[in-house]
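Participant: Give me a 3D structure for the following:
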Amino acid sequence: MTDYALAYDLVKEQSSHDYEPLWAELKRLGGHRTEYSLWLINVNNTAKETCDQLRNYLDKDDRLWVLELTENHYFANATGGTNDWIMNNPPSR
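Facilitator: You can find the predicted model right below:
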């Protein structure tokens with residue numbers, strides 16, 4: 001299993017309702033929302049496979065970036081539960 005950080009921009013969203021399908025899939029995958037448009041997930045896929053899978057929940061002009069989370073990371077003021085999620089899903093070295 002690999003930890004990924006996912007950042008996205010929904011270009012022409014009309015409301016937060018447009019995010020619901022993506023959020024539902026990220027929650028199904030056990031993801032943790034750490035910023036408005038940044039989630040952490042731990043999956044058994046490559047970054048490309050994960051990106052391809054999640055593109056199904058986005059419009060063609062939306063942006064998605066999938067980055068492998070490593071042990072060398074740091075954050076400030078992330079949402080509650082982020083430390084616990086990382087402790088339960090330790091990143092690779």
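
Participant: make it CA atoms for all contacts and neighbour counts henceforth
Facilitator: Fine.

Participant: where do the helices sit along this structure?
Facilitator: 20-28, 47-55, 82-88 (DSSP state H).

Participant: And the average pLDDT for the shortest one is what?
Facilitator: What it means is helix 82-88. Helix 82-88 carries an average pLDDT of 85.

Participant: For that helix, which outside residues touch it?
Facilitator: 32, 34 (C-alpha atoms under 8 Å, 6 or more residues apart in numbering).

Participant: how far is the longest strand seen in the chain from where the chain is centred?
Facilitator: Longest strand of the chain, by residue count under DSSP state E: strand 2-9. In terms of C-alpha atoms, centre = their mean, to the nearest Å, the centre of strand 2-9 is found 4 Å from the chain centre.

Participant: Report the angle between that strand and helix 20-28.
Facilitator: For strand 2-9 against helix 20-28, the angle by axes from the mean of the first three to the mean of the last three C-alpha atoms, to 10 degrees is 170 degrees.
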